[in-house]
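Asks: Coordinates for the following, if possible.
(2 chains)
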Number of protein chains: 2
Amino acid sequence: MTGAPLRVGVLGAGTVGREVVGAFLDGDRAARLAPADGRPLRLAGVAVRDVDRARSAGLPDALLTDAPAHLVASPDVDVIVEVMGGLEPARTLLLGALSGGKAVVTANKALLATHGPELEAAARGSGAPLRFEASVGGGIPVLSPLAADLAANRVTSLRGILNGTTNAILTAMAREGTAYADALAEAQAMGYAEADPTADVEGHDAAAKLVILLRLAFGAWVDPTAIPRRPAVRDSASLGAPGITGVTAEDVAAATDHGRVLKLVASGRRREDGSLEAGVLPTAVFGATALGSTDGVQNRIEIEAEPVGSVAFAGPGAGGGATSSAVLGDLVAIARGGASTWAGLPAAVGRWDGGVSAPAGPALAAPSGACYPLAE
Amino acid sequence: MTGAPLRVGVLGAGTVGREVVGAFLDGDRAARLAPADGRPLRLAGVAVRDVDRARSAGLPDALLTDAPAHLVASPDVDVIVEVMGGLEPARTLLLGALSGGKAVVTANKALLATHGPELEAAARGSGAPLRFEASVGGGIPVLSPLAADLAANRVTSLRGILNGTTNAILTAMAREGTAYADALAEAQAMGYAEADPTADVEGHDAAAKLVILLRLAFGAWVDPTAIPRRPAVRDSASLGAPGITGVTAEDVAAATDHGRVLKLVASGRRREDGSLEAGVLPTAVFGATALGSTDGVQNRIEIEAEPVGSVAFAGPGAGGGATSSAVLGDLVAIARGGASTWAGLPAAVGRWDGGVSAPAGPALAAPSGACYPLAE
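Replies: Got it, this is the predicted structure:
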């Protein structure tokens, strides 16, 4: 059941893009891009910001262009892989590809969280598949298992460590008693954290990934800016600093005194009354649990559902090689005739307008004044 | 993209079968068996050993039969779900269904491990899909992620805790210092172990599951009787007792003294020279690791692959509800037009004849004389 090659245009040649392109150029790895019951995948072009630089980095000249819109519009390209990141021009390019009936694979969590309803509508309008396994958990297969393998379940809640940068910082603080600023500087020096770490440390990245998980688990596109990212503060009506930016060495030590570790936990739950509870908050997790011992740049996602019970997915949440595995897996799925990641589930085109509450329950009143939720 | 209902015949109404049937009979759950981009699933019949007993257990009379071959042959049945267990008549029934072009979903690990080449040939011959997510790891999505989401990877090794009964026994021995016979008796009293526990405690069940994982990871159907299940013995050319049957309380204590726990670990690796290394052996695992802290009836499967790195899947490895999740997920996949679990991978119809070596490496020389491999 083979057929004409499926021609792939890659937008972006950063950490992930180079690995995706490399898989096509290496004979052994390229052999895996021709599924036994699907069409063989071929690399048709790579759009980069700087053609000269890409050429000197070893990318084949004949494939390179600095005009991503040309790849999207080209009659010689069937599938668009978007690994350029950012909201624009990625949004316009992918809407153009989907409207034109081209399959799309993207790793862009911020784009999906921000413009999910619009992208879903475009994919449904033309019937072109949109797949995005790489957008959550890097190389860990979790979205496709959630949307397909667990399709017969009713998801009751999910939670996870979705951001490797903040987890590496919190792990270093717990192991070495480091202050937040020092652990951040070290993570930046080691390349785990970016020069502007805002998206990671304030929880925006994890919130975007949570929005994608919530879409698949509960059928609703939640506004990522509505996801609570600031812990409550003792004796105060105002909230604490976002993400992990307010976590102090004393807070970490207080958690340790209770046999716990602070983790930036993203969580979501559909309440009995139909409302949504969600958050991306530093959370005091028992150290001896699988979630509490998820260290460094590892990710872990736990899903509670009926009738399966509790299942967990763990592995490398970032990195070019790991993330390319998810992108390439989605390409193989499309080559085999696979539909969008959400295709078996009911549509969710509009934006969720039912409000989002922060997780309620007992909290660790930390020395800094922040109240970090306690988790089992 | 809906269509005529896909009519499902279920063979067997034991722990898993009752949950599968129950999902069709409960309105809320049945709604999940009509995927948005597939055909709705309908229950067409249930073959049971004792119709009277099934009727008094609440199964609808109109659906019941004691003639499974009639369901397989019926023109009113499109898909066969096999949850009866055992080699015969399951083998004959499923070969008949596949040869007749009917899709098959099975949870039968012993059947797949023993007759995998024949079943694969039958499915390929007619083009009927054969799916078997429930055969490994109960409700944990692992086979489909391995064969599809990780399709672009080269698997280098895998390992896991694949049998909940033996893990519950070893967990009790480690926590309470119990002797093997007492822990087994307690597991039998609690319903975790069967009256004849041979298949579990001697490692046959885990070996069958390992054979299925090896098929997907390395493209070879290994003979389950060729999987090493007996640890080496110090100063002896003969091997120890199979599975966990030779593990003593003193062995468990010796492992604890080294910060380790004994787990029945199933593992497989393709060596550089193309040969296979595999085993189902009591293994001394560091207690602080995710594998070492997988306790009770939980299962965990870890896969090492390039380029993804190390990914892990964990959850309930048995139980009617959990296992029904995997069966129903496969049914939904078929209703959406999905192919066999292995369909994107190269065919492996014949039996692997390259031999299987036991995992080599350092071992814990236990008080009983058994040499248990050490694992990271």
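
Asks: For residue A:288, report the pLDDT, please.
Replies: For residue A:288, the model assigns a pLDDT of 87.

Asks: ok, it touching residue A:376?
Replies: No - using CB atoms under 8 Å, residue A:288 is not in contact with residue A:376; the gap is 11.2 Å. Glycine gets a C-beta too; all of them are placed from N, C-alpha and C.

Asks: Between these two, point out the one with more neighbours.
Replies: Shown here are residue A:288 and residue A:376; by other CB atoms under 10 Å in any protein chain shown, residue A:288 has more neighbours (12 against 8).

Asks: Quick one: residues contacting the more buried one.
Replies: The contact partners of residue A:288, taken as CB atoms under 8 Å, 6 or more residues apart in numbering or on different chains, are A:259, B:293.

Asks: Assign it to helix, strand or coil.
Replies: Put simply, residue A:288 is coil when judged by DSSP: H, G, I helix; E, B strand; the rest coil.

Asks: how much space is there between it and residue A:48?
Replies: To residue A:48, residue A:288 is 47 Å away according to CB to CB, to the nearest Å.

Asks: so how far is residue A:45 from the residue located most distally from the centre of chain A?
Replies: The C-alpha centroid of chain A is most remote from residue A:235, which lies 34.8 Å away (CA atoms, centre = their mean). With distances taken as CB to CB, residue A:235 is found 59 Å from residue A:45.

Asks: for residue A:133, same thing?
Replies: In terms of CB to CB, residue A:133 sits 22 Å off from residue A:45.

Asks: and if you look at residue A:183?
Replies: Remark: distance between residue A:183 and residue A:45 (CB to CB) = 41 Å.

Asks: Look at these two and report which has more neighbours.
Replies: residue A:183 (26 against 21).

Asks: Chain B contacts on the stretch 201-350 of chain A?
Replies: Contacts of the stretch 201-350 of chain A with chain B, taken as CB under 8 Å from any CB of the partner chain, map to A:288, A:290, A:293, A:305-316, A:319, A:321-322, A:324-326, A:328-329, A:331-333, A:336-337, A:339, A:343-347.

Asks: Would you confirm that residue A:150 contacts residue B:332?
Replies: No - contact between residue A:150 and residue B:332 fails when scored by CB under 8 Å: they sit 9.5 Å apart.

Asks: per-residue confidence at the residue nearest to residue A:197 when sequence neighbours are not counted?
Replies: Leaving out its chain neighbours, the residue that sits closest to residue A:197 by CB to CB, 6 or more residues apart in numbering or on different chains is residue A:184, at 6.3 Å. At residue A:184 the predicted local confidence, pLDDT, stands at 97.

Asks: Count the neighbours of the closest residue to residue A:306 other than its chain neighbours for me.
Replies: Once flanking residues are discounted, residue A:306 sits nearest to residue A:154: 4.9 Å by CB to CB, 6+ apart. Around residue A:154 there are 17 other residues, counting by other CB under 10 Å.

Asks: now do the same end-to-end measure for stretch A:340-360.
Replies: Stretch A:340-360 has an end-to-end distance of 34 Å (CA to CA, to the nearest Å).

Asks: as a whole number, average confidence for it?
Replies: For stretch A:340-360, mean pLDDT is 92.

Asks: Would you mark the buried spots in it?
Replies: Judged by neighbour count (16 or more other CB atoms under 10 Å in any protein chain shown), stretch A:340-360 contains these buried residues: A:340-345, A:348, A:352, A:356, A:358-359.

Asks: Just flag the most distant two among the residues you listed.
Replies: Farthest-apart pair in these is A:343 and A:358; separation 31.9 Å (CB to CB).

Asks: Would you map the strands across the stretch 101-250 of chain A?
Replies: For the stretch 101-250 of chain A, the strands defined by DSSP state E, counting those that start in this stretch cover A:103-106, A:130-131, A:154-161, A:232-233.

Asks: okay, these in JSON lines with mean pLDDT next?
Replies: Formatted as JSON lines, the strands of the stretch 101-250 of chain A follow (pLDDT from 0 to 100):
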{"stretch": "strand A:103-106", "mean pLDDT": "98"}
{"stretch": "strand A:130-131", "mean pLDDT": "98"}
{"stretch": "strand A:154-161", "mean pLDDT": "97"}
{"stretch": "strand A:232-233", "mean pLDDT": "96"}
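
Asks: Let me have the ones you listed in TSV, adding distance to residue A:91 as columns.
Replies: Shown next, in TSV, are those (distance: least, CB to CB, whole Å):
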stretch	distance to residue A:91
strand A:103-106	10
strand A:130-131	13
strand A:154-161	26
strand A:232-233	34
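
Asks: follow-up on the earlier one: hmm, residue A:194 and the residue nearest to residue A:197 touching each other?
Replies: No - applying CB under 8 Å as the test, residue A:184 and residue A:194 come out as separate, 10.6 Å apart.

Asks: With neighbour numbers in mind, choose between the two.
Replies: The residue with more neighbours, out of residue A:184 and residue A:194, is residue A:184; 24 against 13, by other CB under 10 Å.

Asks: Provide a list of residues in contact with that one.
Replies: Counting by CB under 8 Å, 6+ apart, residue A:184 has contacts A:169, A:193, A:197, A:201.

Asks: next one: residue A:181
Replies: Neighbours of residue A:181 in contact, by CB under 8 Å, 6+ apart: none.

Asks: returning to what we had before: with adjacent residues omitted, what lies nearest to the residue farthest from the centre of chain A?
Replies: Nearest one to residue A:235, counting by CB to CB, 6+ apart, is residue A:369 at 7.9 Å.

Asks: same question, residue A:132
Replies: Leaving out its chain neighbours, the residue that sits closest to residue A:132 by CB to CB, 6+ apart is residue A:106, at 5.2 Å.

Asks: just residue A:70 next, same as before
Replies: Of all residues not flanking residue A:70 in the chain, residue A:47 sits nearest, at 7.7 Å (CB to CB, 6+ apart).

Asks: can you count the residues close to the one you found?
Replies: Counted by other CB under 10 Å, the residues lying close to residue A:47 total 26.

Asks: quick one, helices of the stretch 151-300 of chain A?
Replies: Taking DSSP state H, counting those that start in this stretch as the test, the helices found in the stretch 151-300 of chain A are A:164-176, A:180-189, A:198-201, A:204-218, A:249-257.

Asks: which residues sit against stretch A:67-79?
Replies: If you take CB under 8 Å, 6+ apart as the criterion, stretch A:67-79 is touched by A:6-11, A:41, A:44-45, A:47, A:65, A:80, A:84, A:89, A:93, A:96-97, A:100, A:102-105, A:331, A:334.

Asks: Please identify the buried residues of that stretch?
Replies: Counting neighbours by 16+ other CB under 10 Å, one finds that the buried residues in stretch A:67-79 are A:68, A:71-72, A:74, A:77-79.

Asks: okay, how far is it across that stretch, tip to tip?
Replies: Length of stretch A:67-79, first residue to last, CA to CA: 16 Å.

Asks: Kindly provide the whole-number mean pLDDT of it.
Replies: Stretch A:67-79 comes out at a mean pLDDT of 97.

Asks: Equivalent analysis for stretch A:42-54, please.
Replies: Taken as a whole, stretch A:42-54 carries a mean pLDDT of 96.
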